[in-house]
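K.L.:
Okay, sequence plus prediction incoming.
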Amino acid sequence: MSQVQPGCLWVVATPIGHRDDFSQRAVDTLRAVAVIAAEDTRHSRPLLLHYNIATPAIALHEHNEREVVEAIVRRLEGGESVALISDAGTPLISDPGFRLVRAARAAGIRCIPVPGACAAVAALSVAGLPSDRFVFEGFLPPKSAARRARLQALAGEPRTLIFYESSHRVAESLADLRDVFGGEREAVLARELTKLFETVIGEPLAELAARVAADPDQQRGECVLLVAGQAEGGDAKLAEGRRVFAILREELPPAKAAKLAAAISGAPRKALYEAGSGE
Ligand code: SAM
């Protein structure tokens, strides 16, 4: 394909690590459009050079998206073809582009996906967790109190949960996941996918949290965390007990929190204490 339709917005996925995970159609599209809107033009330059893509690039990132969207839509309306890329993977998936696609569609511009890598889907494809239904939660809040509150709202979710996480916070987040969902809930840490140090570890949360806390190598690189949904027919009392325990644990010592959570939920005190205290 050497030509692209004029006046269309092409939303093009780029690799998440391995450079060969770039489709021929993606390369052809990026060569043929009038301009590439890139999250970080400097970051994308080596990839574009590697594939002999000489198309001019402009920056579209979370700090300027509001301002540049209008200019890009005007160019599209004027008949230019524009491609959108992010630093890695699929644009809009925890990456900029939502405002541009929304504005383009509102202006009646055709938006065409050129699909490819996405870390969440790549991780799910090898996690061995139920994949028929899943929930993508993006990044959890960086602060523990907000993170726990978010997790508490998700504790009863029956679908597989997928989170993006920074390597600096993966140990803390795993500890919070263990405390809120219980140590025996199945989880997977998918790290550095498609790269040299790719690792996919599936374990109950208590073991995974302990392993990652003890091994600085597991706290490096890019990570996706996946957690099994609450089992159907699972113990609803226990799930509620854990939810209450996690809230009380913010203010109280584990033994007292477990006693009160057990009284409120009807779940066994010992199970709450053992699964959720992190001790
Ligand atoms: N748009 C991207 C996508 O389609 O996956 C995601 C961009 S988001 C800013 C970056 C996060 O995605 C990382 O912090 C990590 O959680 C996840 N990620 C990206 N590449 C990854 C990889 N190779 N292995 C594991 N996780 C990755």
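P.N.:
Yep, that arrived. Residues are numbered from 1 along each chain as shown.

K.L.:
per-residue pLDDT, the closest residue to Arg133 other than its chain neighbours?
P.N.:
With sequence-adjacent residues excluded and distances taken as Cβ to Cβ, 6 or more residues apart in numbering, Arg133 is closest to Arg159, at 4.4 Å. To be clear about C-beta, it is placed using only N, CA and C from the backbone, and glycine gets the same treatment. In this model, Arg159 is scored at 97, pLDDT.

K.L.:
Spit out the contact partners of Arg159.
P.N.:
Pro130, Arg133, Phe134, Val135, Gly229 (Cβ atoms under 8 Å, 6 or more residues apart in numbering).

K.L.:
Need phi/psi at Ile109.
P.N.:
With angles defined as degrees, to the nearest 10, Ile109 shows backbone torsions of phi -90, psi 140.

K.L.:
Stretch 97-105 near the ligand at all?
P.N.:
No: counting by Cβ under 6 Å from any ligand atom, no contacts exist between stretch 97-105 and the ligand, the nearest distance being 9.1 Å.

K.L.:
pLDDT on that stretch, on average?
P.N.:
Predicted confidence along stretch 97-105 averages 98 (mean pLDDT).

K.L.:
quick one, phi/psi of the residue nearest to Arg133?
P.N.:
Its backbone dihedrals place Arg159 at phi -90, psi 160, with angles given as degrees, to the nearest 10.

K.L.:
Against the ligand, how distant is it?
P.N.:
Going from Arg159 to the ligand by Cβ to the nearest ligand atom, to the nearest Å gives 19 Å.

K.L.:
again with Pro268
P.N.:
If you measure Pro268 against the ligand using Cβ to the nearest ligand atom, the figure is 36 Å.

K.L.:
thought that residue was touching Ala262?
P.N.:
Yes: with contacts defined as Cβ atoms under 8 Å, Pro268 counts as touching Ala262 at a distance of 6.4 Å.

K.L.:
would you say Ala83 is within a strand?
P.N.:
Yes: with DSSP: H, G, I helix; E, B strand; the rest coil as the criterion, Ala83 is located in a strand.

K.L.:
ok, what's across the strand from it?
P.N.:
Ala83 has the following beta-bridge partners by DSSP bridges: Trp10, Ile36.

K.L.:
For it, grab the count of nearby residues.
P.N.:
Neighbourhood size, Ala83 [other Cβ atoms under 10 Å]: 27.

K.L.:
can you pull the pLDDT of it?
P.N.:
The predicted structure scores Ala83 at 98 on the pLDDT scale.

K.L.:
Which two of the contacts of Arg159 have the greatest separation?
P.N.:
Pairwise distances across these peak at 11.4 Å for Pro130 and Val135 (criterion: Cβ to Cβ).

K.L.:
and Ser86, what does it touch?
P.N.:
When contacts are counted by Cβ under 8 Å, 6+ apart, Ser86 touches Thr14, Ala38, Glu39, Leu92, Asp95, Pro96, Gly97.

K.L.:
10 Å - rerun?
P.N.:
Contacts for Ser86 were tallied using Cβ atoms under 10 Å, 6 or more residues apart in numbering; they are 11-14, 37-40, 43-44, 60-61, 92-97.

K.L.:
Surely Leu129 is in contact with Val135?
P.N.:
No: under the criterion of Cβ atoms under 10 Å, Leu129 is not in contact with Val135, lying 11.7 Å apart.

K.L.:
hmm, back to that, which neighbours do Pro268 and Ala262 share?
P.N.:
Counting by Cβ under 10 Å, 6+ apart, the shared contacts of Pro268 and Ala262 are Lys237, Gly241.

K.L.:
So which of the contacts of Ser86 are in helices?
P.N.:
Judged by DSSP state H, helices contain the following of the contacts of Ser86: His43, Ser44.

K.L.:
Would you mind listing which of the contacts of Ser86 are buried?
P.N.:
Neighbour-count burial (16 or more other Cβ atoms under 10 Å) applied to the contacts of Ser86 gives 11-14, 37-39, 44, 60-61, 92-93, 95-97.

K.L.:
out of these, what pair is the most spread apart?
P.N.:
Applying Cβ to Cβ across the buried ones among the contacts of Ser86, the maximum distance is between Ala13 and His61, 17.3 Å.

K.L.:
mind listing what Val33 touches?
P.N.:
If a contact means Cβ under 10 Å, 6+ apart, then Val33 has 4, 6, 8-10, 12, 53, 55-56, 80-84 as its contacts.
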